[in-house]
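1. heads up, no residue letters with this:
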């Protein structure tokens, strides 16, 4: 008989509880114990905060730990459950996917109790944690990209849930609220939660290295969202990013992801927050095998805002190198 | 008979020449052709500029390409040879080491003509390119680190060469000129060149993502160095970095590299250019497997300057997480 995934503590107990989310073992590895925190102050919003969904995105786990540090002082009502690291195997390998089975945790939801380890983690999160919350913040980041600090969601069929989700994302007061339209969404944690009518916001932040300034911006976004939910008191304010204290709500279409027309080294020629018009130079793709072969310019297709820039990297043909966005029309 | 490594053009020809450095094939792979550029304006300094020594450090190749763009207009004397990508196999894999043989090009100099591909590249560089220059700039960077834009060298036995090398490094006018003392130097390109009495400067730049602002700082450093050599005309100026236009010359001892006392997620709590004193908090190491286990503070051992900060990452025990430095005493 397979043991069921479970928490080692009772999150309905008042006050702070700490322990683990137990993910049963399988044929590929033994049981996992994911550190988990709950703070129950009675009636009010029921929030789940997760990080470390991808193992090379560690801003989330660090911000989650900061919340655990100050929530006991700050939280006035409701219940917050925090799991800083959903995928410890990927985190320990500094890898997006789980090395053991090669799977991307954020593409296997709702998971399977008899699956490989990544599927068992997804199953534990889906069956144990998700039912305990009506709002979910999944804290991601964007290694290898310059990406605006952002609270993101995806288009969804239910207009009421969509409106509530966008409002929640805007409440982070990060420089960017993004309705991100892309077609590789099967198995995402977001989709599962939204299909259950929950408000799900995915926080993103690029930069490649995580410095203390960036962590403060990310933490400020999370704090703003907790204020908006009424879980803590305080005044929500835009954090300063690139000398600005403001935010905008944008959306991407599939064509807003500019792809590399050839293999080569990508040289960024634009900056975050740039407003570009059709024909503006965004980057240059340099062939590696020749100095006399022409480099390829990558230019804006229309008036748009630059929200993500691939780090200088060797890219293959048809890899995303710049992401732009346009004003969001609900 | 093994073909000898060679250039496909005559760098003594006047003006611009472009072609390849041919690295003969071996049992593991066929011949490699590394794009190479030469600009010969007669008498004057003989400089070699290389990038892409490590495949995940692409600022160097991009800055090298920019030099190739504007040198034909700007260079007034001497000869500059530029090879933007020394290790195309590593660059194409976005990997520090060569995937084919697992070797770090910058630890196998002078290489071997009958060795594996990385050793054959080193051999070609050592035997064909290095004899053509009296000064070498090898353009590196520091993925996964916040690291000050820096021109670096290592302590060396010859005080005259040391003084000339430090002066050359300072001429980059980057925020940091660093005499970097570490003990893993066997097989470095630097050491080979210095042992032949050449001035060798290794440029470094951290940040994780390569944005256009950072590329401009790096390019400005290279331009300043070319001005100092007398190869081009112009006025050398400190580029702006973190709102400052200045530079300092520092050195590290082995003990200035602060290591992780345990495995965990490293949270930086200091910033580049911070001047810290004994006991100041530099970062925190968080265990992944428990929320109740104590996090470990990493504190400064002495008065020093923060020059490098490991990106938030999962680290194993005894990995470098912060690098500090002290004033350089020649």
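-> Everything's here; your move. Quick caveat: nothing in here was measured; it's all calculated off a predicted structure.
2. contacts, neighbours, all on C-alpha from now
-> Fine.
3. buried set for the helix or strand containing residue A:284?
-> Counting by DSSP states H and E, the secondary-structure element that holds residue A:284 is strand A:281-286. Buried positions in strand A:281-286, judged by neighbour count with 16 or more other CA atoms under 10 Å in any protein chain shown: A:282-286.
4. outside of it itself, list whatever touches it.
-> Around strand A:281-286, the neighbours that count as contacts under CA atoms under 8 Å, 6 or more residues apart in numbering or on different chains are A:260, A:262-270, A:294-300, A:322.
5. same question for that strand, mean pLDDT?
-> Taken as a whole, strand A:281-286 has a mean pLDDT of 95.
6. any idea how far that strand is from the chain center?
-> The gap between the average C-alpha position of strand A:281-286 and the chain average comes to 27 Å, counting by CA atoms, centre = their mean, to the nearest Å.
7. next SSE after it?
-> In the C-terminal direction, the helix or strand that comes right after strand A:281-286 (DSSP H and E) is strand A:296-299.
8. which SS class is residue A:64?
-> Per DSSP: H, G, I helix; E, B strand; the rest coil, the secondary structure class of residue A:64 is helix.
9. residue contacts, it?
-> With the criterion set at CA under 8 Å, 6+ apart, residue A:64 makes contact with A:49-51, A:82-84.
10. please render these as a markdown table that adds distance to chain B, secondary structure and neighbour count to the earlier fields.
-> Conversion of those to a markdown table gives the following (distance: CA to the nearest CA, whole Å; DSSP: H, G, I helix; E, B strand; the rest coil; neighbours: other CA atoms under 10 Å in any protein chain shown):
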| residue | distance to chain B | secondary structure | neighbour count |
| --- | --- | --- | --- |
| A:49 | 15 | strand | 24 |
| A:50 | 14 | strand | 25 |
| A:51 | 12 | strand | 28 |
| A:82 | 10 | strand | 26 |
| A:83 | 10 | strand | 27 |
| A:84 | 9 | coil | 31 |
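11. ok, now how distant is residue A:322 from residue A:252?
-> Plainly put, residue A:322 is 12 Å away from residue A:252 if you go by CA to CA, to the nearest Å.
12. the two - which one has more neighbours?
-> residue A:322 (26 against 23; other CA atoms under 10 Å in any protein chain shown).
13. show me what the more buried one bridges to in the sheet.
-> For residue A:322, the beta-bridge partners under DSSP bridges are residue A:258, residue A:309.
14. tilt between whichever strand or helix holds residue A:307 and strand A:281-286?
-> In this structure, residue A:307 is located in strand A:304-310 according to DSSP H and E. For the pair strand A:304-310 and strand A:281-286, the angle between their directions (axes from the mean of the first three to the mean of the last three CA atoms, to 10 degrees) equals 30 degrees.
15. show me what strand A:304-310 is packed up against.
-> Other helices and strands packing on strand A:304-310, by 3 or more CA pairs under 8 Å, 6 or more residues apart in numbering or on different chains; DSSP states H and E, are strand A:145-147, strand A:264-268, strand A:275-276, strand A:320-327.
16. helices or strands up against whichever helix or strand comes after it?
-> Past strand A:304-310, further along toward the C-terminus, the next helix or strand under DSSP H and E is strand A:314-315. Contact here means 3+ CA pairs under 8 Å, 6+ apart; on that basis strand A:314-315 packs against strand A:264-268, helix B:88-92.
17. strand A:314-315: how far from the chain's middle?
-> 24 Å.
18. do stretch A:25-33 as well
-> For stretch A:25-33, the separation from the chain centroid amounts to 26 Å (computed by CA atoms, centre = their mean).
19. that one - what's its average pLDDT?
-> Mean pLDDT, stretch A:25-33: 96.
20. what's the end-to-end length of that stretch?
-> 10 Å.
21. isn't residue A:315 right next to residue A:259, touching?
-> No. Counting by CA atoms under 8 Å, residue A:259 is not a contact partner of residue A:315; they are 9.6 Å apart.
22. who's more crowded, the two?
-> Set side by side, residue A:315 and residue A:259 show more neighbours around residue A:315, with 24 against 17, by other CA under 10 Å.
23. ok so residue A:47 is a strand residue?
-> Yes. Counting by three-state DSSP, residue A:47 is located in a strand.
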